[in-house]
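Student: The sequence and its predicted three-dimensional model are supplied below.
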Amino acid sequence: MSVDLMDALDKEILDAVQKDIPLVAEPYKALAEKIGTTEETLLERLRGMKGDVIRQMSAIFDTKALGYKSSLVAARIAPEKLDEMARIFNQHPGITHNYKRNHDFNLWFTIAVPPNSRFGLEKTVEILGEMAQVESIRILPTLKLFKIGVQLDVKKESEANDKAAPNYTEEMRQAAMQIPLTETDIKVILQLQKDLPFVSRPFDDWAKEIGISTEELLEHANTLVSRGQMRRFSAVLNHRKAGFRANGMGVWNVPADQADEIGLKMGSFRAVSHCYLRPTYPDWKYNIFTMVHGRDMEECEAILQAIEDETGITDRIVLYSTKEYKKTRVSYFTPEIYEWEEKVAEQLGL
């Protein structure tokens, strides 16, 4: 379904499910009442959009708060080998986003490894770099989180310079990282990361699978939210199908002594979905990353220009994704990564 064919109710639903799906026994009924429609109509519309405009409806966890190590990684690969080598990176189950971008560092991916990874993050990236014959590879972990959370303005209600306070902060992440996970936490996480079924009481079967009541499952889910380990339970949209055909990673060279102030200011723009402080290298001088999504490149450029105008930071470039190699979600506490590590260790004699 093209966004141009959606009516006002479709767009209202998409805005609502991106923000939050209530963690209650009958979430669709609660959501329908909030929107001003019926549960039956809501479910019918959602079923029509699932797999097209709606990519997934599930828990969105904070990777680091669950003990995982994660990072953005930039690689420079000979252009004629890029497609082939992207497939090598994609074999790692912890690589969730992998794009070709318009820069000498032409492959950009995100990777996460569990706390008990055999190799750890740095060694994993090193191994992948050798397997993919990279010319250079740079690990760009988050040094400070200013904002995280994609929410596309499907109804076209915002302007380039509109502001919105972040709903998840560095302080929340740091506090969440101090809370160890229990076995029950992990059982609940394994359920909540699944795609939510389109039935009136979707959490009942999940609770039954791990031997607890629906009320206990939802209470535990809400605890994960209050701790900051789960950021929210919501829908993730297919950006292009939702009308957002361009994504620009605006990277900025900000003086170190201004990074906190400028980062918070950049993250306050509603159109910025992610804003991070990351390390620099001799061949990479940009330390603040702002991700923006637009209906076209012109809209992305307008957002980034508004940020430049407000902050006074002019040393920047924009990296646009020109090819999507992989886009999925991290699957927490599942065996695939361990199987990949075992296979690679055997192949390389590690």
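Tutor: Happy to help now that I have it.
Student: partners of the strand or helix carrying Ile111 in the sheet?
Tutor: Using DSSP states H and E, the secondary-structure element containing Ile111 is strand 107-113. Pairing partners of strand 107-113, with direction, according to DSSP bridges: strand 69-76 (antiparallel), strand 95-101 (antiparallel).
Student: Which residue comes closest to Asn167 once chain neighbours are left out?
Tutor: Once flanking residues are discounted, Asn167 sits nearest to Gly149: 6.3 Å by Cβ to Cβ, 6 or more residues apart in numbering. Backbone N, C-alpha and C define where each C-beta goes, glycine included.
Student: And for Pro166?
Tutor: Lys147 (4.2 Å).
Student: quick one, phi psi at that neighbour?
Tutor: Main-chain torsions, Lys147, degrees, to the nearest 10: phi -160, psi 140.
Student: My guess is it contacts Cys275. True?
Tutor: Yes - taking contact to mean Cβ atoms under 8 Å, the distance of 4.2 Å between Lys147 and Cys275 places them in contact.
Student: Show me the contact partners of the lengthiest strand in the chain.
Tutor: Taking DSSP state E as the assignment, the strand of the chain that covers the most residues is strand 316-327. Taking contacts as Cβ atoms under 8 Å, 6 or more residues apart in numbering, the residues outside strand 316-327 that touch it are 83, 86-87, 89-90, 95-103, 107-109, 246-253, 286, 297, 300-301, 304, 308.
Student: and that strand, average pLDDT?
Tutor: Taken as a whole, strand 316-327 carries a mean pLDDT of 94.
Student: Would you mark the buried spots in that strand?
Tutor: Judged by neighbour count using 16 or more other Cβ atoms under 10 Å, the buried positions of strand 316-327 are 316, 318-319, 321, 325-326.
Student: Tell me which helix or strand comes right after that strand.
Tutor: Moving toward the C-terminus from strand 316-327, the next helix or strand (DSSP H and E) is helix 336-348.
Student: okay, the angle between that following helix and strand 107-113?
Tutor: What separates the directions of helix 336-348 and strand 107-113 is an angle of 110 degrees, with axes from the mean of the first three to the mean of the last three Cα atoms, to 10 degrees.
Student: Show me what Met57 is bridged to.
Tutor: Ala235.
Student: That one: how many residues sit nearby?
Tutor: When neighbours are defined as other Cβ atoms under 10 Å, Met57 has 21 of them.
Student: Could you pull out the strands in the protein for me?
Tutor: 54-61, 69-76, 95-101, 107-113, 136-140, 144-148, 230-237, 246-252, 272-277, 288-294, 316-327.
Student: Just the CA atoms of the third one, as CSV, please.
Tutor: What that stands for is strand 95-101. The C-alpha atoms that make up strand 95-101 are tabulated as CSV, following Å, rounded to 0.1, in the frame of the first residue of the first chain:
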residue,chain,number,x,y,z
ILE,A,95,24.6,-7.3,12.0
THR,A,96,21.1,-5.8,11.7
HIS,A,97,21.5,-2.8,9.4
ASN,A,98,24.0,-2.8,6.5
TYR,A,99,24.1,-0.1,3.8
LYS,A,100,26.2,1.2,1.0
ARG,A,101,26.7,4.9,1.5
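Student: Contacts for it, please.
Tutor: With Cβ under 8 Å, 6+ apart, strand 95-101 has contacts from 82, 86, 89-90, 106-112, 249, 319-330.
Student: Okay, now the unreliable bits of the chain?
Tutor: Segments of the chain classed as low confidence (criterion: pLDDT under 70) are 1-5, 150-162.
Student: Which parts of it are helices?
Tutor: Secondary structure of the chain by DSSP state H: the helices cover 8-19, 27-35, 39-49, 82-90, 120-131, 170-177, 183-192, 203-209, 214-227, 259-267, 297-311, 336-348.
Student: Tabulate those helices (CSV), appending distance to Gly67.
Tutor: Supplementary listing: the helices of the chain in CSV, determined by distance: least, Cβ to Cβ, whole Å:
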stretch, distance to Gly67
helix 8-19, 27
helix 27-35, 28
helix 39-49, 33
helix 82-90, 23
helix 120-131, 12
helix 170-177, 8
helix 183-192, 10
helix 203-209, 22
helix 214-227, 13
helix 259-267, 25
helix 297-311, 33
helix 336-348, 13
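Student: And these: which comes nearest Val236?
Tutor: Go through the helices of the chain one by one with Cβ to Cβ and the one that ends up closest to Val236 is helix 8-19, at 8.0 Å.
Student: which helices and strands does that closest one pack with?
Tutor: Of the remaining helices and strands, those touching helix 8-19 by 3 or more Cβ pairs under 8 Å, 6 or more residues apart in numbering; DSSP states H and E are helix 27-35, helix 39-49, strand 54-61, strand 230-237.
Student: tell me, how many neighbours does the nearest residue to Lys241 once chain neighbours are set aside end up with?
Tutor: The spatial neighbour of Lys241 that comes closest, neighbours along the chain excluded (Cβ to Cβ, 6+ apart), is Val53 at 4.6 Å. Other residues within reach of Val53 by the criterion other Cβ under 10 Å amount to 24.
Student: ok, now Lys69?
Tutor: Counted with other Cβ under 10 Å, residues neighbouring Lys69 total 18.
Student: Contacts only, for it.
Tutor: Taking Cβ under 8 Å, 6+ apart as the definition of contact, the neighbours of Lys69 are 112-113, 115, 117, 120-121.
Student: run the last query once more with 10 Å
Tutor: Lys69 makes contact with 63, 94, 111-115, 117, 120-122, 124, 141, according to Cβ atoms under 10 Å, 6 or more residues apart in numbering.
Student: Please tell me which one of these counts the most neighbours.
Tutor: For these, the largest neighbour count, defined by other Cβ under 10 Å, is 26 neighbours, found at Thr124.
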